[in-house]
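Visitor: how would this look folded up:
(chains A and B)
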Amino acid sequence: MKAMSQHGEVWVFSENKDLMLELLGKGSELAQKLQTKLAAVLLGRGVEKGAKEFMGYGAQKVYVVDNAMLEKLPSEPCISALTHLVRQYKPEIFLFGSTRRGKEFASRLASRLETGCVPDCTYLSIDSNGRLLMGRVVYGGNAVATQLCRVNPQIATVPSRVFEKPSYKEREGEVIKVDMKLEEPRTEVVEVKEIEAPKVKIEEAKVVVAGGRGLEKKEDFKILEELAETLGGQVAYTRPLCEDRKWFTDWVGLSGHKIKPALYIGCGISGVIQHVAGIRDSKIIVAINKDPEAPIFEIADYKIVGDLYEIIPALAEALKKLLKTG
Amino acid sequence: MLRIIVCVKQALDVTQIRADPATRRLITTDAPRKISDFDKNALEEAIRLKEKMEAEVTVLTATTEDAKMILREALAMGADKAHLVRDSSFENSDTLATSHILAEAVKKLGGFDLILCGEASVDSYSAQVGPRLAERLNIPQITYARKLGLDGDIVIAERTLEDRYETVKTKMPALVTVTAEMNEPRIPSLMAIMKASKKEIITWSAGDLNISKEKVGETGSAIQVTEVLAPKAERKRVLIKGESAAEVAEELAKALIKEGVVGR
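Guide: Numbers count the residues shown, from 1 in each chain, chains lettered A, B, ... in the order given. The predicted structure follows:
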């Protein structure tokens, strides 16, 4: 018989389903190393039916707090539920999805439990002492910091698409329904405006053609769109185009989307560190810029010093020709 | 009168950090310091509120460094008062410890209606100090606000989440964390800078706030940083040259096909 693990459980929570499954994948690996169980936490109203699916993706236990007060995941009721669960069942590791809501929940839970929380981890493993090693990008992409938390639970948040979604298998598990008195919400949501989601998420694009300050007019993005279309890819923007010029609303970079396409083509982008932090993990980086000193060339695989207005259409043309004949 | 506290962090200018190529260790000692970008948005919003109503804006920072420069800049932008909480025992404080220091400083300031913080700092980007501070002070909070308004003792903010904007209201005293979308921080005039240089900056030590050494620095922190290294940069850095745009484009296209990142 296998010896009972000394370690507390590994828990995962995210209100974002895809992210939850990715957390289950990584959580399962961590739980196996510690010879402990992996548990998912489900909060909401009428959510118990979701437990079965989480088990299929690796959760051996699912803690369910089913309460009408949790329906739209208001902060205080949710955080009080999480705090209650942790105090009662004492998990050793608790992973959250790095959505903005998830990050708020994780930091507030950590504050209530007087423990640490390492946000936006891109690396997680168990060290020789059985503690969670957490790696994250800091200093605007200039460094990766590896951190440990000496208090339990060790809380970390994980962005989308850092870890793989595990495969699904029909599995049994244990559902633990927990009832408790929840804190009243302290804020009131008076209006919700959905942000129209792009048809394809930029994180999912295999090829990204990004434009920066080197684009003179918003209309000039047509050139980039044509190239992206030729390659079956997507167009992306830098923060200055969104925040200073207000041309678009959604950018790639440290404070925006972080992407890792097979091919990234930066057009008229100088490559400030905040932008580079969002593209660093791309497989191949192409940079096109008039300025031979542009910092983006430092992190590029292929560098072209030239006018994007000439190069981009020519590149679309060349690719069309070669891909057709090749 | 509306009493606003803005928490600011003296951050490293991340664009000026270099790494030793041999060891991949960072060289941060000579990197310039500045007010963390989003904290500036928080401060700008506080000053705009002051321009609309009777309000007093106090800036607060906790650090081991002499952060008077950034507080002077905050005063020049329009803050009324500046408090520097500085103690060598704060070294290596994580967000758990930092929020404790700020909470004690806020208590010592004696009463407030609104605390504004940046959504995160530009150097460590953890987005935790604001939420943790509100928890410690046991006040409501609104994170990631892009718009802010007041109606009596009610604060109304529009939050940006990944898939939606949420308009949220709560009763003050409250804490709001601010995104860069909220405003464009002003650049103070020379006159304002001169005036600010004469204003007093109140400095408190850990002792002044009765902060126990056990609660701050490494002993007061849950998180221990074991290693900070520059990421490995292994890029090909192939320069593609040619007589014409068409020639350059063709050569690049061939390279990309060979890499297997385009087509099929």
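Visitor: Wondering if the least confident helix or strand in chain A by mean pLDDT reaches chain B at all.
Guide: Ranked by mean pLDDT, DSSP states H and E, the weakest helix or strand in chain A is helix A:273-279, scoring a mean of 87. Yes - residues of helix A:273-279 contacting chain B under C-beta under 8 Å from any C-beta of the partner chain: A:Ile273, A:Gln274. To be clear about C-beta, it is placed using only N, CA and C from the backbone, and glycine gets the same treatment.
Visitor: And the contacts of that helix?
Guide: With contacts defined as C-beta atoms under 8 Å, 6 or more residues apart in numbering or on different chains, helix A:273-279 is touched by A:137, A:140-142, A:208, A:210, A:212, A:238-239, A:251-260, A:264, A:266, A:269, A:285, A:295-296, A:299, B:14-15.
Visitor: For the stretch 151-300 of chain A, what lies in contact range of chain B?
Guide: Going by C-beta under 8 Å from any C-beta, the residues of the stretch 151-300 of chain A near chain B are A:151, A:186-195, A:197, A:206-207, A:231, A:243, A:254-255, A:262-263, A:272-274, A:280, A:283-286, A:297-300.
Visitor: follow-up on the earlier one: please tell me how far whatever helix or strand comes next after the least confident helix or strand of chain A is from the chain's geometric centre.
Guide: Counting by DSSP states H and E, the next helix or strand C-terminal to helix A:273-279 is strand A:284-289. Averaging C-alpha positions (C-alpha atoms, centre = their mean, to the nearest Å) puts strand A:284-289 24 Å from its chain's average.
Visitor: now do stretch A:113-131
Guide: When C-alpha coordinates are averaged (C-alpha atoms, centre = their mean), stretch A:113-131 and its chain have centres 16 Å apart.
Visitor: buried ones in that stretch?
Guide: For stretch A:113-131, burial by neighbour count (16 or more other C-beta atoms under 10 Å in any protein chain shown) applies to A:Leu113, A:Thr115, A:Gly116, A:Cys117, A:Val118, A:Pro119, A:Asp120, A:Cys121, A:Thr122, A:Leu124, A:Ile126, A:Arg131.
Visitor: Just confirm B:Ile70 is within a helix.
Guide: Yes - B:Ile70 forms part of a helix when assessed by DSSP: H, G, I helix; E, B strand; the rest coil.
Visitor: give the contact list for B:Thr63.
Guide: B:Lys9, B:Gln10, B:Leu84, B:Val85, B:Arg86, B:Phe90.
Visitor: 6 Å instead, please
Guide: Applying C-beta atoms under 6 Å, 6 or more residues apart in numbering or on different chains, we find B:Thr63 in contact with B:Gln10, B:Arg86.
Visitor: cool, A:Gln147 as well?
Guide: Residues in contact with A:Gln147 (C-beta under 6 Å, 6+ apart) are A:Val118, A:Met134, B:Ile223, B:Val225.
Visitor: The same query, at a cut-off of 7 Å, please.
Guide: A:Gln147 makes contact with A:Val118, A:Met134, B:Ile223, B:Gln224, B:Val225, B:Thr226, according to C-beta atoms under 7 Å, 6 or more residues apart in numbering or on different chains.
Visitor: and the helix or strand hosting it, what's its mean pLDDT?
Guide: Assigned by DSSP H and E, A:Gln147 belongs to strand A:143-149. Taken as a whole, strand A:143-149 carries a mean pLDDT of 94.
Visitor: Just the CA atoms of that strand, as PDB, please.
Guide: Output of strand A:143-149 as PDB, limited to C-alpha atoms (Å, rounded to 0.1, in the frame of the first residue of the first chain):
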ATOM      1  CA  ALA A 143      14.000  38.900 -16.400                       C
ATOM      2  CA  VAL A 144      12.400  35.800 -15.100                       C
ATOM      3  CA  ALA A 145      12.100  35.600 -11.300                       C
ATOM      4  CA  THR A 146      11.900  32.300  -9.600                       C
ATOM      5  CA  GLN A 147      10.100  32.400  -6.300                       C
ATOM      6  CA  LEU A 148       9.000  30.200  -3.400                       C
ATOM      7  CA  CYS A 149       6.300  30.700  -0.800                       C
END
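Visitor: tell me the phi and psi of residue 67?
Guide: Picked chain A for this. Dihedral angles of A:Asn67 (phi, psi; degrees, to the nearest 10) stand at phi -150, psi 130.
Visitor: Distance of it relative to chain B?
Guide: To chain B, A:Asn67 is 20 Å away according to C-beta to the nearest C-beta, to the nearest Å.
Visitor: looking at it, that residue is touching A:Leu182, isn't it?
Guide: Yes - contact criterion C-beta atoms under 7 Å: A:Asn67 and A:Leu182 qualify, at 6.2 Å.
Visitor: From the contact counts, what lies against the lowest-mean-pLDDT helix or strand in chain B?
Guide: When the helices and strands of chain B are scored by mean pLDDT, DSSP H and E, strand B:18-19 comes last with a mean of 82. In terms of contacts (3 or more C-beta pairs under 7 Å, 6 or more residues apart in numbering or on different chains; DSSP states H and E), strand B:18-19 is packed against strand B:26-27.
Visitor: That concludes my questions; thank you for your assistance.
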